[in-house]
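> need the 3D shape of this:
(3 chains)
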Amino acid sequence: MPIRLGELAAQFDCELIGDPDVTIDNVAGLQNAGPASLSFLSNPRFREQLAATGAAAVVLRAEDVDGSPTASLVSDNPYADYARMAGVIHPPPGFAAGIDTSAVISPTAEISPTAHIAANVSIGERSTIGANVYVGPGTVIGPDCNIADDCRLIANVTLVRDVRLGLRGILHPGVVIGADGFGNAMTPAGWIKVPQLGGVRIGDDVEIGANTTVDCGAIEDTVIEDGVRIDNLCMIAHNAHIGAHTAMAAMSGIAGSTTIGKRCLFAGHSGAVGHVNICDDVVVSGKAVISKDITEPGVYAGSFTAEPAREWSRKVARFRRLDQLVDRVRKLEKSGK
Amino acid sequence: MPIRLGELAAQFDCELIGDPDVTIDNVAGLQNAGPASLSFLSNPRFREQLAATGAAAVVLRAEDVDGSPTASLVSDNPYADYARMAGVIHPPPGFAAGIDTSAVISPTAEISPTAHIAANVSIGERSTIGANVYVGPGTVIGPDCNIADDCRLIANVTLVRDVRLGLRGILHPGVVIGADGFGNAMTPAGWIKVPQLGGVRIGDDVEIGANTTVDCGAIEDTVIEDGVRIDNLCMIAHNAHIGAHTAMAAMSGIAGSTTIGKRCLFAGHSGAVGHVNICDDVVVSGKAVISKDITEPGVYAGSFTAEPAREWSRKVARFRRLDQLVDRVRKLEKSGK
Amino acid sequence: MPIRLGELAAQFDCELIGDPDVTIDNVAGLQNAGPASLSFLSNPRFREQLAATGAAAVVLRAEDVDGSPTASLVSDNPYADYARMAGVIHPPPGFAAGIDTSAVISPTAEISPTAHIAANVSIGERSTIGANVYVGPGTVIGPDCNIADDCRLIANVTLVRDVRLGLRGILHPGVVIGADGFGNAMTPAGWIKVPQLGGVRIGDDVEIGANTTVDCGAIEDTVIEDGVRIDNLCMIAHNAHIGAHTAMAAMSGIAGSTTIGKRCLFAGHSGAVGHVNICDDVVVSGKAVISKDITEPGVYAGSFTAEPAREWSRKVARFRRLDQLVDRVRKLEKSGK
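Numbers count the residues shown, from 1 in each chain, chains lettered A, B, ... in the order given. So this is what the prediction gives:
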């Protein structure tokens, strides 16, 4: 949607340095931006790209105005303001209300007349779909689910049963919510399945990435609070509790009954074992695994980064012989006496 | 389903200490249990919760009877007996036999009249569906698959072709079984696909978690024996062979042609490289990777747990300078001569 | 498809040592091969199996001819030639052109008359499906996608929008391409979603494994070049760029805006952090994570393999006390002066 720079500046309360009558009709990276493009500079390491940009305007911090060859929209948080403006310039595609004739809806389900139910969807008994909800093709919503207003289930999502999704939730394709947790009791004859009877309760403004799974609770519910962001291929096990505004990057896994505080960040391939409590504002580095309660906010790490294999192998060999090294030091200490 | 305590005790051969006429109609955790709730105590660290529980009865070991404020069902394996009782109190939802009109079934497929084929399912040529099988919405069953009696394919499951699933199997949403293994031969012109011609053979009483994948064999079949339990987002590569009653937690991966014994346990994010043999009764810790044959039962480990990043970084720096430390010790040894 | 040995040798330009009139009608491993089976020997560690094989013929290197008890097809690259021959002996199943009546196709989509559109597929606005394309059951193709000739989308695949797939692509079940990348800007009120506006551009001859996800670009496209092979449950984040003929084993993850060269190999559970550049011909070992630019081809590693837990724990304890060991060495050095 084309918009004048002056209008953007007013709408998002940014100082505009430049011609308010220039029209923006797309967003672009600094290097590929054209005369109707809005771009942004958030990370200082791209300052060189700013100097050469062909953008119509750039959202940036006050300190970067002098380095810009074009109009500036001055912001304390250029990435967030860019995100908001991009949402105005490129609004998400609309959809028509109504139910595709190929969808299979339980007679006891309640579907808002403003919802869109796409092709080959099925919706189970007693489930409710709120206003302006988009249920994309191939999605399966089992019984006793409640989808609040303005949610978008993109495609091929599965909500097994008893899933409550708050306002404005976004579930990407392949997401599975409410499948049985991994509850097994060992007996001499083999595993016995422990019935998984809880549901899943998800707050408002939660986004869950493609092929991520969130299991139902064993007895009580699995809980994801407001504003949580979960990337692709993550695993949230039964009775985990994820605090508000926590974000988890791809392939992170939280084991059963673990409680995570608010505003935590999990980097890729990281996780936490079961039955631990992690306080607010904890950052977990890539591939690190939290194995006990964390009571102090801060950054936690526990993995190595890759290096040339020959060097790595030598270090590993040294590591494997640490016992001998300690013995040699002990011997030296004794001989010194 | 409401049931008298006396009846529960008799059915599961537990000693009852308390009034046999109390009626149970739900299960609950010790902390949330009410006057019609059954709860359990298996892990001793929840003994404090036992003392304060409002449950009607608790399944517990003989040694915990004295600590219970309510009726006791005494068991050598409280978790397993709780699981069995929970299955009686909360039986899985039933389903009506029949084929939804939206399902697309090959004329050469054979469907038991007691099976339920849900909305938007498709079933391929020559596949057979046994008695009391539940095939949930959106599931795709390709050609030449055999689903034995009493299986449940929850929703959006995909069996590509030539998959045999034993009795009482449970496949959670997003499971993909029988997709091509990762077989590629390098040539100067790039990769050549190696045809993946085997099937997948799965025993009885196997449960596979959401979005887990089990590839077909390259020539012979991939095999999963009876009673195996696999959690979400795991990967079983072509021609892996998983022994009976082995359990794998979320995000575990077994590479191609690896054979795993019976009753093994893989913790989260763990795995094994290709072409190794792992004996019975091996436990693999979280994030650990088995890289060679294992012939001795026991616990195997190979990962670090997270700690404050500053401390971790210092240790990593020491690790990276181990060579220098060894040199210094060598020098000390020489100077001491 | 049965074929004479002489014909196979001629078609693939291999020297045949043996009777050209023997007919092959299946492929098999050396140990299970029968009198009409073709087998192969590529890895020297299976030479013992060669000596005892019952195969009609074996594809092998010249140096192994003498060890073969049966006909030999001599090849410099036995695995690749076996793969090609297997494709002739066991051609992939054919399919009938046409659109299943249960499929839901946008009136603005263009479907080649030679394509197969299976049950419960949906295809969005302006998308195009090329000649001889197979779109398997339950697949969702959103708007503005282009599928080139001879692609196979096996089943339950999701292309969200604006995905271009080159010639002969193979997408296994559960693959999700073009879902929103993980773009979030922090504000005091919580995360703001950064619109993900780019598409995904995939070259020719690309194969992507079950339940793998490839996100759309934030502004520009995510790119996968020709001949790339990606295994199951991998994650390719927004604006990653994967060079031609690179192969990634299961559970690998490439974070946002990372560029990977040609002919790289990523082992299982490996990956790269965001915004790094990796040159051509880099091999990343299992579980290793590339965390900075790589400019030299070669093998990179960074993980430990599992060992008995008691031994591992002792090493970890030593590692955690490296500081003290260094102090002791320093003290020895001082006392020696």
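> CA only for contacts and neighbour counts going forward, please
Fine.
> okay, residue A:337: pLDDT?
Residue A:337 carries a pLDDT value of 57.
> and the stretch 201-337 of chain A, which of its residues are near chain C?
A:209-211, A:227, A:229, A:231-233, A:245, A:249-251, A:304-309, A:312, A:316, A:319-320, A:322-323, A:326, A:329, A:332-333, A:336 (CA under 8 Å from any CA of the partner chain).
> again, only this time at 6 Å
Counting by CA under 6 Å from any CA of the partner chain, the stretch 201-337 of chain A comes close to chain C at A:231, A:245, A:304, A:305, A:306, A:307, A:308, A:309.
> pLDDT wise, what is the last one at?
Read that as residue A:309. So residue A:309 comes in at 97 (pLDDT).
> hmm, back to that, most neighbours of all the residues of the stretch 201-337 of chain A next to chain C, which one?
The residue in those with the most neighbours, by other CA atoms under 10 Å in any protein chain shown, is residue A:231 (27 neighbours).
> how far away is that residue from residue A:174?
From residue A:231 across to residue A:174, the span is 12 Å (CA to CA, to the nearest Å).
> what sits against residue A:23?
For residue A:23, the contact set (CA atoms under 6 Å, 6 or more residues apart in numbering or on different chains) comprises A:3, A:4.
> ugh, wrong one, I meant residue A:147
A:129, A:130, A:165.
> now, which of those lie within strands?
Using DSSP state E, the subset of the contacts of residue A:147 located in strands is A:129, A:165.
> among the contacts of residue A:147, who's most crowded?
Highest neighbour count within the contacts of residue A:147, by other CA under 10 Å: residue A:129, with 27 neighbours.
> that one contacts residue A:109, correct?
No - using CA atoms under 6 Å, residue A:129 makes no contact with residue A:109, being 8.0 Å away.
> next to chain B, which bits of chain A? Give me the list.
Residues of chain A lying near chain B by CA under 6 Å from any CA: A:182, A:185, A:190, A:194, A:288, A:289, A:290, A:299, A:300, A:301, A:302.
> off-centre distance for the helix or strand of chain A with the lowest mean pLDDT?
The weakest-scoring helix or strand in chain A, judged by mean pLDDT, DSSP states H and E, is helix A:322-336 (a mean of 88). Here helix A:322-336 is found 50 Å from its chain centre; the criterion is CA atoms, centre = their mean, to the nearest Å.
> could you pull out the buried residues of that helix?
By neighbour count on 16 or more other CA atoms under 10 Å in any protein chain shown, the buried set for helix A:322-336 is A:322, A:325, A:326, A:328, A:329, A:332.
> which one of these is nearest to residue C:49?
residue A:322 (41.3 Å; CA to CA).
> and the helices in the stretch 151-300 of chain A?
Counting by DSSP state H, counting those that start in this stretch, no segments of the stretch 151-300 of chain A form helices.
> residue A:82 belongs to a strand, doesn't it?
No - under DSSP: H, G, I helix; E, B strand; the rest coil, residue A:82 sits outside any strand and is assigned helix.
> what distance do you get for it to chain C?
8 Å (CA to the nearest CA, to the nearest Å).
> and if you look at residue A:170?
10 Å.
> spit out the contact partners of that residue.
By CA under 6 Å, 6+ apart, the neighbours of residue A:170 are A:151, A:152, A:153, A:207.
> can you check residue A:114 too?
Residue A:114 neighbours (CA under 6 Å, 6+ apart): A:97, A:131, A:132.
> what does residue A:278 give?
A:260, A:261, A:293, A:294.
> residue A:20 is in contact with residue A:6, correct?
Yes - counting by CA under 6 Å, residue A:6 touches residue A:20, with 4.0 Å between them.
> okay, the two: which has more neighbours?
Between residue A:6 and residue A:20, counted using other CA under 10 Å, the more crowded position is residue A:6 (19 against 15).
> now the helix or strand where that one lies: mean pLDDT?
Here residue A:6 sits within helix A:5-12, counting by DSSP states H and E. In this model, helix A:5-12 has a mean pLDDT of 96.
> which neighbours does the helix or strand following it have in its sheet, and in what orientation?
Tracing the chain past helix A:5-12, the next element assigned as helix or strand by DSSP H and E is strand A:15-17. In the sheet, strand A:15-17 lines up against strand A:71-74 (antiparallel) (DSSP bridges).
> chain center to the strand it pairs with, what's the gap?
How far strand A:71-74 lies from its chain's middle: 29 Å, per CA atoms, centre = their mean.
> likewise stretch A:201-215?
Counting by CA atoms, centre = their mean, stretch A:201-215 is centred 8 Å from the centre of its parent chain.
> stretch A:73-90 now?
19 Å.
> quick one on the thing from earlier: what's the closest of the residues of chain A next to chain B to residue A:58?
For these, the nearest to residue A:58 is residue A:299 (32.5 Å; CA to CA).
> I figured that closest one hits residue A:283, correct?
Yes - Residue A:299 lies in contact with residue A:283 (CA under 6 Å); the separation is 4.6 Å.
> neighbour count for the two, which is higher?
Shown here are residue A:299 and residue A:283; by other CA under 10 Å, residue A:283 has more neighbours (21 against 18).
> still on that earlier bit, among the contacts of residue A:170, which ones are in strands?
A:152, A:153, A:207.
> and residue A:97, what does it touch?
Shown in contact with residue A:97 (CA under 6 Å, 6+ apart): A:114, A:115, A:116.
> can you do 8 Å?
By CA atoms under 8 Å, 6 or more residues apart in numbering or on different chains, the contact set of residue A:97 is A:113, A:114, A:115, A:116, A:117, A:132.
> count the residues that sit near the fourth one.
By other CA under 10 Å, 22 other residues sit near residue A:116.
> try the last one
Neighbourhood size, residue A:132 [other CA under 10 Å]: 21.
> circling back: give me the common contacts of residue A:231 and residue A:174.
In contact with both residue A:231 and residue A:174: A:210, A:212, using CA under 8 Å, 6+ apart.
> what residue ranges in chain A score low on pLDDT?
Within chain A, the segments meeting pLDDT under 70 span A:337.
> okay, now the domains of it?
Taking automatic domain parsing as the criterion, chain A consists of the domains A:3-89, A:98-300, A:309-337.
> pipe the ones you listed into TSV and attach distance to residue B:124 per row.
Below are those laid out as TSV (distance: least, CA to CA, whole Å):
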stretch	distance to residue B:124
domain A:3-89	44
domain A:98-300	18
domain A:309-337	48
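> pick the most deeply packed of those.
Greatest average neighbour count among these goes to domain A:98-300 (a mean of 24), per mean count of other CA atoms under 10 Å in any protein chain shown.
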